[in-house]
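Q: what shape does this take:
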Amino acid sequence: MYGLVPEYSGRGRPPTQPQPGKDWLYLQMVKHRDEHGHLEKIQLKAVWGNLNELLDLLGKSTAYIERSHLTARLFNARLTRKTLAFSKDIELHEAAVIWEDAYYNWIRPHKSLRLETLTSFP
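A: Residues are numbered from 1 along each chain as shown. I've put the predicted structure just below:
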């Protein structure tokens with residue numbers, strides 16, 4: 001689904017797997033644990049892109065991104081893991097993500113706004 005299938009060079013089997021783009025940035029956090037399962041250290045690894053560029057963009061923690069993904073999974077069943085709710089078409093998946101963003105940002109009352117909302121209609 002992600003990336004582009006490279007052009008066929010004429011030799012061997014034609015490529016079928018999409019390959020990442022040259023401008024892609026992907027950071028992996030590798031957690032090292034001791035024999036009791038306690039976290040000892042976290043190593044940052046650049047899968048695609050330059051590590052310094054990734055750290056400038058994201059910082060040394062992916063907590064904000066992980067929190068955003070969790071919120072998206074809670075409000076959009078198509079992003080939930082191990083579920084029967086899935087999208088067969090990419091257009092329908094994009095529409096579901098847009099609905100989830102619109103609901104979260106424009107309709108849902110947030111506690112951080114500190115405004116009273118109507119709990120019952122007159």
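Q: assumed Tyr103 was part of a helix.
A: Yes: per DSSP: H, G, I helix; E, B strand; the rest coil, Tyr103 lies within a helix segment.
Q: how far away is it from Gln19?
A: According to Cβ to Cβ, to the nearest Å, Tyr103 and Gln19 sit 35 Å apart. In short, each C-beta sits where N, CA and C put it, glycine included.
Q: mind pulling up the pLDDT for the residue nearest the centre of the chain?
A: Centroid-nearest residue in the chain, with Cα atoms, centre = their mean: His69, separated by 5.5 Å. Predicted confidence (pLDDT) for His69: 85.
Q: confirm that it sits in a helix.
A: Yes: when three-state DSSP is applied, His69 is found to be in a helix.
Q: contact partners for the closest residue in space to it that isn't next to it in sequence?
A: Ranked by Cβ to Cβ, 6 or more residues apart in numbering and with sequence neighbours excluded, the top spatial neighbour of His69 is Leu79, at 7.9 Å. If a contact means Cβ atoms under 8 Å, 6 or more residues apart in numbering, then Leu79 has His69, Ala72, Arg73, Val97, Glu100 as its contacts.
Q: any low-confidence regions in this structure?
A: Counting by pLDDT under 70, the chain contains low-confidence ranges at 1-2, 114-122.
Q: which parts of it are helices?
A: 51-58, 63-75, 90-102 (DSSP state H).
Q: those: which one's closest to Gly10?
A: helix 90-102 (30.4 Å; Cβ to Cβ).
Q: and that closest one, what does it pack against?
A: helix 63-75 (3 or more Cβ pairs under 8 Å, 6 or more residues apart in numbering; DSSP states H and E).
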